[in-house]
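K.L.:
no FASTA, just this:
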């Protein structure tokens with residue numbers, strides 16, 4: 001199993017490869033010998049892969065999202081193909097699920113696992129081992145010798161209570177334990193995975209609802225047990241819970257928190273997704289319980305400071321929700337970390353500046369607030385906003401490899417055709433300036449080596465202050481050094497080395 005580089009593989013940004021770990025769990029339980037190669041943590045991954053290929057494996061599996069991972073995933077697939085042209089190469093993950101036929105058209109891919117792969121991949125491996133037909137296995141896209149592609153039908157979503165424990169033995173866990181970006185006075189933070197899948201909301205830019213369709217929770221009892229076991233097993237003092245939306249069911253969320261309190265689990269934590277309107281609905285007792293259980297950060301997808309844009313993207317939350325959630329988090333001494341998106345079709349310059357004003361106001365109202373970078377809107381097939389992007393000139397890639405540049409941190413004419421060249425450059429500058437002002441500074445805190453961390457901070461902190469000043473004064477139009485920084489980033493993180 002291969003987990004490709006993402007283009008943002010710096011210190012604490014490297015989380016365990018759960019996309020592979022979850023589908024490996026059923027097979028490991030049945031005694032299969034599984035090797036996970038994580039390109040982010042193995043600088044010599046090709047040598048590692050070459051050694052594993054000599055052992056004549058049953059198949060190769062690659063998990064990738066749109067963007068940089070596709071380039072590195074294809075690099076691995078081509079490497080495998082040159083070594084053994086008959087070895088089945090299987091792709092799964094978000095991108096392959098959204099565009100299975102186009103993915104399978106690539107000559108270096110034989111099978112696509114569509115949707116959740118926990119059960120599908122297990123059945124596929126067993127069928128390959130026994131040389132049995134694959135057409136009866138739900139959740140696959142197959143390609144015959146003539147290149148004809150067929151679907152075996154959709155796999156029903158799994159019951160989260162049936163989800164097996166994470167097979168931590170398949171990775172070197174210390175590679176994924178860091179100091180945290182946000183949480184104070186902690187040394188050992190790790191992403192411990194999901195206690196639920198999906199999200200009940202239908203935000204227009206998000207592919208989660210297209211892939212996972214509904215919100216499905218693991219029971220509070222099982223969720224707490226998994227968290228407690230991992231915390232104690234790896235001596236963690238803080239964790240990240242990977243749920244798309246942890247606070248959908250507040251009764252369940254507080255039950256998990258009460259168990260952590262009862263079991264005297266002394267940790268700090270946050271989850272991937274928290275809605276501003278959900279925070280506003282939290283009662284005093286609920287938020288007090290959450291805080292007592294160690295909740296330190298609310299990661300909030302604010303997205304825009306424009307009321308019209310929020311309606312356009314079907315956010316179902318308001319600018320006032322964001323402003324008030326920030327104040328409420330401050331009241332309970334919880335750090336709010338906000339993310340934003342710019343460059344939506346039909347978004348005007350004034351609306352983009354409303355978002356900038358909102359970002360500045362949040363920090364002014366609450367100095368502890370973390371303002372994450374502004375990402376550039378990326379249109380994905382299957383999302384509610386995708387037809388509008390097509391209407392405004394989007395011409396999506398026609399080949400898998402062309403999606404490799406479809407990331408949130410860079411821009412090009414093909415991705416945002418509704419913007420002219422000056423508007424694209426300005427939006428790209430905003431993205432990079434906000435990253436340099438906020439995110440890069442946080443990344444240095446997660447560096448494991450104290451000497452390297454101190455040296456990096458001595459350089460980054462003054463630079464971060466400078467770009468924070470530029471951001472606050474909206475100096476986005478003229479930033480020639482950004483082109484150099486973008487080039488350096490590409491050479492360090494995106495470029496495939498031969």
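P.N.:
Structure's in. What do you need? Bear in mind the structure is a predicted one, so any value in this text is a computation, not a measurement.
K.L.:
show me where the stretch 51-200 of the chain has strands.
P.N.:
Under the criterion DSSP state E, counting those that start in this stretch, strands of the stretch 51-200 of the chain are mapped to 60-63, 89-92, 111-113, 140-143, 149-151, 189-193, 196-197.
K.L.:
if we compare those strands, which one ends up closest to residue 469?
P.N.:
With Cβ to Cβ as the measure, strand 189-193 is the member of the strands of the stretch 51-200 of the chain nearest residue 469 (29.8 Å). In short, each C-beta sits where N, CA and C put it, glycine included.
K.L.:
re the thing from before, so can I have a markdown table of the strands of the stretch 51-200 of the chain showing distance to residue 46?
P.N.:
Below are those laid out as a markdown table (distance: least, Cβ to Cβ, whole Å):
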| stretch | distance to residue 46 |
| --- | --- |
| strand 60-63 | 13 |
| strand 89-92 | 15 |
| strand 111-113 | 23 |
| strand 140-143 | 26 |
| strand 149-151 | 29 |
| strand 189-193 | 26 |
| strand 196-197 | 33 |
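K.L.:
can you list these in TSV and add mean pLDDT?
P.N.:
Formatted as TSV, the strands of the stretch 51-200 of the chain follow (pLDDT from 0 to 100):
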stretch	mean pLDDT
strand 60-63	98
strand 89-92	98
strand 111-113	98
strand 140-143	97
strand 149-151	97
strand 189-193	96
strand 196-197	94
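K.L.:
right, so of these, which gets closest to residue 326?
P.N.:
strand 189-193 (23.3 Å).
K.L.:
rewinding a little: mind putting the strands of the stretch 51-200 of the chain into JSON lines with distance to residue 256 and mean neighbour count?
P.N.:
Below are the strands of the stretch 51-200 of the chain laid out as JSON lines (distance: least, Cβ to Cβ, whole Å; neighbours: other Cβ atoms under 10 Å):
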{"stretch": "strand 60-63", "distance to residue 256": "27", "mean neighbour count": "26"}
{"stretch": "strand 89-92", "distance to residue 256": "29", "mean neighbour count": "26"}
{"stretch": "strand 111-113", "distance to residue 256": "30", "mean neighbour count": "25"}
{"stretch": "strand 140-143", "distance to residue 256": "35", "mean neighbour count": "21"}
{"stretch": "strand 149-151", "distance to residue 256": "37", "mean neighbour count": "15"}
{"stretch": "strand 189-193", "distance to residue 256": "12", "mean neighbour count": "22"}
{"stretch": "strand 196-197", "distance to residue 256": "10", "mean neighbour count": "24"}
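K.L.:
okay, now residue 132: neighbour count?
P.N.:
Using other Cβ atoms under 10 Å, the number of residues around residue 132 comes to 12.
K.L.:
OK, contacts around it?
P.N.:
By Cβ atoms under 8 Å, 6 or more residues apart in numbering, the contact list for residue 132 reads residue 126.
K.L.:
so what's the backbone phi/psi at it?
P.N.:
When read as degrees, to the nearest 10, the backbone of residue 132 gives phi -100, psi 160.
K.L.:
what's the spacing between it and residue 250?
P.N.:
46 Å (Cβ to Cβ, to the nearest Å).
K.L.:
and what of residue 151?
P.N.:
In terms of Cβ to Cβ, residue 151 sits 39 Å off from residue 250.
K.L.:
Just give me the longest helix of this structure.
P.N.:
helix 450-472 (DSSP state H).
K.L.:
Quick one: list the elements packing against it.
P.N.:
Packing partners of helix 450-472 (3 or more Cβ pairs under 8 Å, 6 or more residues apart in numbering; DSSP states H and E): helix 349-365, helix 421-434, helix 440-445.
K.L.:
what's the closest of those helices to residue 473?
P.N.:
Between those, helix 349-365 lies closest to residue 473; by Cβ to Cβ that is 9.7 Å.
K.L.:
Now the closest one: buried residues?
P.N.:
Neighbour-count burial for helix 349-365 flags 351, 352, 354, 355, 356, 358, 359, 360, 361, 362, 363 (criterion: 16 or more other Cβ atoms under 10 Å).
K.L.:
what angle separates that helix from helix 450-472?
P.N.:
Helix 349-365 and helix 450-472 are oriented at 130 degrees to each other (axes from the mean of the first three to the mean of the last three Cα atoms, to 10 degrees).
K.L.:
circling back: going on from the longest helix of the chain, what's the next piece of helix or strand?
P.N.:
On the C-terminal side of helix 450-472, the closest following helix or strand by DSSP states H and E is helix 481-489.
K.L.:
what residues does stretch 340-350 touch?
P.N.:
205, 302-306, 309, 312-313, 352, 355, 358-359, 371-377, 385, 388-389, 391-392, 394, 411, 416, 418-419, 423, 427, 430-431, 434.
K.L.:
meant to ask about stretch 306-323
P.N.:
Residues external to stretch 306-323 that are found in contact with it (Cβ under 8 Å, 6+ apart): 201-205, 275-277, 279-280, 300, 302-305, 338, 344, 346-347, 351-352, 354-355, 358, 361-362, 365, 384-385, 388.
K.L.:
Return the subset of these lying in helices.
P.N.:
Using DSSP H, these in helices are 276-277, 279-280, 351-352, 354-355, 358, 361-362, 365, 388.
K.L.:
Which residues belonging to stretch 418-430 are considered buried?
P.N.:
418, 419, 423, 424, 425, 426, 427, 428, 429, 430.
K.L.:
hang on, isn't the last one packed against residue 359?
P.N.:
No. Contact criterion Cβ atoms under 8 Å: residue 430 and residue 359 do not qualify, at 9.9 Å.
K.L.:
Overlap in contacts, those two.
P.N.:
Common neighbours of residue 430 and residue 359 (Cβ under 8 Å, 6+ apart) are residue 374.
K.L.:
what does the helix or strand harbouring residue 371 rub up against?
P.N.:
Per DSSP H and E, residue 371 falls inside strand 370-376. By Cβ under 8 Å, 6+ apart, the residues outside strand 370-376 that reach it are 181-182, 297, 335-343, 355, 359, 362-363, 408-411, 415-416, 427-428, 430-431, 434-435, 437-439, 442.
K.L.:
So which residues of the stretch 151-300 of the chain form helices?
P.N.:
Remark: helices assigned in the stretch 151-300 of the chain by DSSP state H, counting those that start in this stretch are 208-211, 220-233, 250-262, 276-281, 284-292.
K.L.:
Remind me what the last one packs against, helices and strands.
P.N.:
Using 3+ Cβ pairs under 8 Å, 6+ apart, the elements in contact with helix 284-292 are helix 250-262.
K.L.:
so what secondary structure elements neighbour the helix it packs on?
P.N.:
helix 220-233, helix 284-292.
K.L.:
Would you indicate which residues of stretch 40-58 are buried?
P.N.:
40, 41, 42, 45, 46, 48, 49, 53, 57.
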